[in-house]
Structure formats: structure tokens, C-alpha cells
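Visitor: Compute the structure for the input listed below.
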Amino acid sequence: MLRASLILIQTGCASRRSPPVDSVAILTSTYRVAVYDAGVDAFRAKRYGLARRYWERAIELGDQDACSNLGYLLYYGFGGPPDLAAAFSHAVAAKRLANAAGAADAAVARDADALISKLRPRLSPAVEDSARSRGERWARLDPAP
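Guide: Down below sits the predicted model:
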């Protein structure tokens, strides 16, 4: 279905008017899920650098699962050197996005909380504050300065 939708977009619709907003939202959501799933496939194939890139793109599209997964990749250093501050930022963003989504994403919020708990003792207060602010901006709850 995704390929058919992308072909339709590339070749143009039969009608000359723009698709309704709901159609655009559905296509964006479908693309977000496809990018996230490509990251999962890359992770399972142990191509961690590629998984990072896919999940970074999925995060740009608002995917909280990708935030959580990328946080763990950064924490453990899969696909590059460990980056605890960035891992903390991604965990904060995942938690905020999951809480905004409600009960459907409670597992993501729990995973993000677990990562935050692991990271908090390893970060200085200044680094933690900076990373938290960055994560909140990523979650689009705190507008960028």
C-alpha cells in the first residue's frame, strides 16, 4: 500500500486538487511507520549505524518508539560511541511523547523511565538539565529558543 501511495504521489492524482489534510496525515503516518520498521530491520541485521539513521528520521516525524530505541543505542554505544547526554535527551523525548499519547504508549514511557533512571546518576546536574531541555524541545512541548 505504501508503494502504491508513493507512486500516486510521484505520478500525480487523477484530479488536479490537493489531497485532503487527512490523506496527507495518513501518508505521513504510514511513512513514519515504514522508516521506524526499516530501523528495526537494520537493528536485527546488526547494522546499528543504519538503524540510528532510520530512527533519527522517524524521530523527526514524531515517533516516540524511535526516540526510546535510539536512546538505548546511544547508551550502549551501538553504531558509534556511547553518548549518555544524547541518550538522556532521547529518553526524555520518548517519555514526553508517550505520555502525550496516553495509555496506548505506556510501555514506551516505562522503557524511557528505566533508561532515565540508569542515566541520571552518571550525568552531572548541568549536563542533565541541558539534555532534558533538548529532549523536551524534541518532543515539541518546549519551543526552541
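Visitor: which outside residues touch stretch 106-120?
Guide: 64-65, 67-68, 71-72, 75, 84, 87-88, 91-92, 94-95, 97-99, 128 (C-beta atoms under 8 Å, 6 or more residues apart in numbering). Bear in mind the C-beta positions are built from the backbone N, C-alpha and C, glycine included.
Visitor: do that again at 6 Å, thanks
Guide: Q64, D65, S68, G71, L84, F88, A91, A94, K95, A98, N99 (C-beta atoms under 6 Å, 6 or more residues apart in numbering).
Visitor: Then stretch 92-103?
Guide: Q64, C67, S68, D105, V108, A109, A112, R132, G135, W138, A139, L141.
Visitor: By mean pLDDT, flag the weakest helix or strand of this protein.
Guide: helix 2-11 (a mean of 37; mean pLDDT, DSSP states H and E).
Visitor: got the buried residues for stretch 109-121?
Guide: A109, D111, A112, L115, I116, L119 (16 or more other C-beta atoms under 10 Å).
Visitor: I'd like to know which of those residues is nearest to R57.
Guide: A112 (19.4 Å; C-beta to C-beta).
Visitor: which secondary structure element contains the closest one?
Guide: Using DSSP states H and E, A112 sits within helix 106-119.
Visitor: Same list, the contacts of stretch 92-103, but as CSV with distance to G80 and pLDDT please.
Guide: Below are these laid out as CSV (distance: C-beta to C-beta, whole Å; pLDDT from 0 to 100):
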residue, distance to G80, pLDDT
Q64, 22, 82
C67, 17, 88
S68, 17, 89
D105, 27, 69
V108, 23, 84
A109, 26, 85
A112, 20, 88
R132, 22, 87
G135, 19, 85
W138, 19, 72
A139, 23, 73
L141, 27, 49
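Visitor: if we take those, which one ends up nearest to V33?
Guide: Q64 (12.3 Å).
Visitor: Run a quick neighbour tally on the nearest residue to that closest one once chain neighbours are set aside.
Guide: Leaving aside its chain neighbours, Q64 sits nearest to L97 (3.6 Å; criterion: C-beta to C-beta, 6 or more residues apart in numbering). By the criterion of other C-beta atoms under 10 Å, L97 has 26 neighbours.
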